[in-house]
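sequence unknown, structure follows:
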């Protein structure tokens, strides 16, 4: 199929519908509103449900209800709205409900602003609600991936019966690029666990309550085992010119695009620099990072935050390699040139260090 | 101590195997509690109507959190107060199911006040049973939003003081004021006469959903002898004599005879119909092959910044460039500056048209700056790459760019547009000047791009004339 030009937020809804999603519950918020707007236009056209909820709290619980019915359903919001949804996400993780949540991050904390940021890494990747749970987090860096990763998110959500996030910054949501769309899917309802008002599912119970401590511990351990399986099977990343790189840049979302430019420009000047872009933020590409640490001398993490994902890079390395961080936030976005200056300084230091060791 | 439900209706499990304690026969409710009574009325109605397989009960937080111990139906256990939202979600995706939302007073009237009001106001096709016992039973007898004035609870040890805690919420009355609800009644789970009325109300509320008529709400005044510190007979007497004074019994709204049943139809589409419905069927795409111009090296793979006032069509200008670039099979990207800048009067966008994969879509050092107001020229002129190009509207901008290391092309775009007949097409004059001067895109692809991007096609006649005028000016 030929490509067509589309905005990231609009590609999300098409990707979802093609994946078989037939229910959207949301509350308007900049810069994610185009997703709800597109869903309100398109869902009824394909026999789906669209409800503008009274709040994000209601939206996530409507999604909880639809997901309990075994159908593919989603919501979308932006940072402050996601904060409000965290209760529902914890319940859904506990009740093992498949659902897709799109977060188009904006500046925080508090009301912050509507400019692009990546300040939601902690609240999304580390599980912003209560209890021992994880969610799969996919981080697109193009309009094509806004479609493709949303499409994939529904499969992963169902495969592991867990909430899956598509985590993008405001830029990726607002950007227009060519997209090629996948074929429509027609998923069957899995009647083994859901409730859909039929005799087959009458004995099913959707719940996150386990009163007896022994049972709740067992439930938590089962969930943990599931997350371990996800870690083993679902890590996705892009490694760009990392083979001989002395310095590895790490970034996701829009930052990874800027970093790709940085790599291209610096390579022309002879700098051995590469880029690792995590596509899944949970599971995090820990092993790949450790593998790169064998040949690289430094990791340089760039985020639109004061430093959140950098923690996971450090945890993965566990002291194996030095980690530096450069971040802009509040809606400020670093230019490639700004980052190049930083990375060049790092190279000077690395060279000095090598010299010193001689 | 526990009460036994005599003569179990078939809707109840024979043995409560989901109940974790040793007693699998009796409910967990205290003696004299109203929940058991209401459970039984609901169970009987479900059995009599023959709808057991279709029923999904939303289990709230509160004493009735364990509805799934007892009812042999589908269950969803939910967060505190959110039952009406969850009920909305499941009912909307499975409209043939019978969704019963069962909530206590803390759940429905306090923490879930917003959800119930909006579910009722949307007229969701669900049945809501609201158990009002004027107290938080499960957590040990704290004040509820329905606690009566003067009533002592563990959080109103001196009695509910209306100056501090406000008045009890009359939910049935409140919901009856809304347009959508079909049926709203308050009953009391007390003596035989009241139980008969309660039984009728429960059945009617479920029937309304079976008939696809809409939202039904039954508030049941219910005894909590433990929470109230009374014996069961005194508790029932207290409901009849004290509680009903504040919460009068009766039907507050019933339009069930007037409303038309809704017909739920399932739409099943083929893959092709789905693609068409969401506009990805390729019909809007042109399969035409475009001949690219031969472009001078310095104008190839431009990183373009377009800037001006909001309302000048800056974003559209960029979008047409990107769309035309795509038609000519270049890699393209378009990124708006959005947010406060957009509202503050200036607008700009970043466009890449490239033979190579586009790494960063952000244009921080443009090779081409198309600029339509003075503040934007002042802001972005210093960022233009050495050897780059600045095209500016000199009918609006009263200064000249001072850079000597870039090409500067003044175009009186607004004046030209006025001469054509509309100031609004000045952006298209600028576009024409840019493609005419650099040759980066052909007129043919740009004209076709216009038809894809601009929704009001009747405007394109003028847009095309403006583009041509722009090209002509720089030739």
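Everything's here; your move. Note that this is a predicted model, so its numbers are computed, not measured. Numbers count the residues shown, from 1 in each chain, chains lettered A, B, ... in the order given.

report the longest strand in the chain, please.
No chain specified, so I'll use chain A. strand A:99-107 (DSSP state E).

hmm, I had chain B in mind actually
Chain B, longest strand under DSSP E: strand B:346-354.

centre of the chain versus it, how much separation?
Here strand B:346-354 is found 31 Å from its chain centre; the criterion is C-alpha atoms, centre = their mean, to the nearest Å.

Can you tell me the SS state at whichever residue of the stretch 151-300 of chain A sits closest to chain B?
Closest approach between the stretch 151-300 of chain A and chain B, counting by C-beta to the nearest C-beta: residue A:197, at 2.5 Å. Using the backbone N, CA and C atoms, a C-beta is placed for each residue, glycine as well. Secondary structure assignment for residue A:197 (DSSP: H, G, I helix; E, B strand; the rest coil): coil.

and if you look at residue A:305?
Going by three-state DSSP: residue A:305 is coil.

I figured the residue of the stretch 151-300 of chain A closest to chain B hits residue B:57, correct?
No - Residue A:197 is not in contact with residue B:57 according to C-beta atoms under 8 Å; the separation is 11.1 Å.

okay, and the common contacts of the two?
Common neighbours of residue A:197 and residue B:57, counting by C-beta atoms under 8 Å, 6 or more residues apart in numbering or on different chains, are residue B:74.

okay, the two: which has more neighbours?
With neighbours defined as other C-beta atoms under 10 Å in any protein chain shown, residue A:197 and residue B:57 compare such that residue B:57 has more, 28 against 23.

What pairs with the helix or strand hosting that one, parallel or antiparallel?
Counting by DSSP states H and E, the element that carries residue B:57 is strand B:55-59. Partners of strand B:55-59 in the sheet, by DSSP bridges, are strand B:74-77 (parallel), strand B:98-104 (parallel).

related to what we said a few turns ago, in its sheet, what does the longest strand of chain A sit against?
strand A:73-77 (parallel), strand A:113-116 (antiparallel), strand A:163-169 (parallel).

Show me which residues of the stretch 51-200 of chain A are close to chain B?
Proximity of the stretch 51-200 of chain A to chain B (C-beta under 8 Å from any C-beta of the partner chain) is limited to residues A:51, A:53-55, A:57-59, A:61-69, A:71, A:73, A:87-88, A:91, A:95, A:113-115, A:170-171, A:174-178, A:181, A:183-184, A:195-199.

In ChimeraX, how would I select the buried members of these?
Typed into ChimeraX, the line below selects the buried ones among these, using 16 or more other C-beta atoms under 10 Å in any protein chain shown:
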select /A:51,53,54,55,57,58,59,61,62,63,64,65,66,67,68,69,71,73,87,88,91,95,113,114,115,170,171,174,175,176,177,178,181,184,195,196,197,198
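
Filter the residues of the stretch 51-200 of chain A next to chain B down to the ones in strands?
Using DSSP E, those in strands are A:51, A:73, A:113, A:114, A:115, A:176, A:177, A:178.

Looking at the third one now. What's its pLDDT?
In this model, residue A:113 is scored at 91, pLDDT.

ok, and the closest non-adjacent residue to it?
Counting by C-beta to C-beta, 6 or more residues apart in numbering or on different chains, residue A:107 is the residue found nearest to residue A:113 once chain neighbours are left out, at 4.2 Å.

go on, the last one?
Leaving aside its chain neighbours, residue A:178 sits nearest to residue A:3 (3.9 Å; criterion: C-beta to C-beta, 6+ apart).

Could you do the fourth one as well?
With C-beta to C-beta, 6+ apart as the measure, residue A:30 is the residue that lies nearest to residue A:114, at 4.4 Å, once sequence neighbours are left out.

Tell me, how many residues neighbour that neighbour?
16.

go on, residue A:89?
By other C-beta under 10 Å, neighbour count at residue A:89 equals 25.

I figured it hits residue A:61, correct?
No - here residue A:89 does not reach residue A:61: they are 10.6 Å apart, not a contact under C-beta under 8 Å.

so who does residue B:11 touch?
Contacts of residue B:11 by C-beta under 8 Å, 6+ apart are B:42, B:43, B:44, B:46, B:47, B:52, B:55, B:71, B:72, B:73.

Same question for residue A:207.
Per C-beta under 8 Å, 6+ apart, neighbours of residue A:207: A:95, B:59, B:68, B:75, B:76, B:77.

Out of these, who's the most crowded?
residue B:76 (29 neighbours).

I'd guessed that one sits against residue B:55; true?
No - here residue B:76 lies out of contact with residue B:55, judged by C-beta under 8 Å, at a distance of 11.5 Å.

Show me the strands in the stretch 101-250 of chain A, by range?
A:113-116, A:136-138, A:163-169, A:176-179, A:205-206, A:237-240, A:247-250 (DSSP state E, counting those that start in this stretch).

and among these, the most buried is which?
Comparing the strands of the stretch 101-250 of chain A by mean neighbour count (mean count of other C-beta atoms under 10 Å in any protein chain shown), strand A:163-169 comes out on top with a mean of 30.

Report the rounded mean pLDDT for it.
On average, strand A:163-169 scores 97.

now swap in stretch B:181-190 and tell me
Rounded mean pLDDT across stretch B:181-190 is 98.

per-domain residue ranges of the chain.
Reading this off chain A. Domain ranges of chain A: A:4-233, A:237-357, per automatic domain parsing.

The chain in question should be chain B.
B:34-254, B:297-474.

ok now the first one, how far from the chain's centre?
This means domain B:34-254. The answer for domain B:34-254 is 26 Å, by C-alpha atoms, centre = their mean.

Regarding that domain, how distant is the last residue from the first?
Using C-alpha to C-alpha, to the nearest Å, one end of domain B:34-254 lies 25 Å from the other.

The last one now?
Its start and end residues considered, domain B:297-474 measures 19 Å (C-alpha to C-alpha).

Next: stretch B:333-346.
Stretch B:333-346 end-to-end distance (C-alpha to C-alpha) = 21 Å.

same thing with stretch B:377-388?
Note: stretch B:377-388 ends 14 Å apart using C-alpha to C-alpha.

So which residues make contact with that stretch?
B:298, B:303, B:305, B:307, B:348, B:364-369, B:371, B:390, B:392, B:397, B:399, B:401-403, B:405-407.

of the residues you listed, list those near chain A.
B:364, B:365.

Can you tell me which of the contacts of stretch B:377-388 are classed as buried?
Using 16+ other C-beta under 10 Å, the buried ones in these are B:303, B:305, B:307, B:348, B:364, B:366-369, B:371, B:390, B:392, B:397, B:401, B:406-407.

Buried by neighbour count: which residues of the helix or strand bottoming out on mean pLDDT in chain A qualify?
None of the helices or strands of chain A scores lower by mean pLDDT, DSSP states H and E than helix A:336-357, at a mean of 88. For helix A:336-357, burial by neighbour count (16+ other C-beta under 10 Å) applies to A:336, A:338, A:339, A:340, A:343, A:346, A:347, A:350.

for stretch A:288-305, same thing?
A:288-289, A:292-293, A:296-305.

give me the subset of those touching chain B.
Answer for the buried residues of stretch A:288-305 near chain B: none qualify (C-beta under 8 Å from any C-beta).

Which of these fall in helices?
Judged by DSSP state H, those include A:288, A:289, A:292, A:293 as members of helices.

ok, which pair from the contacts of residue A:207 is furthest apart?
Pairwise distances across the contacts of residue A:207 peak at 12.3 Å for A:95 and B:68 (criterion: C-beta to C-beta).
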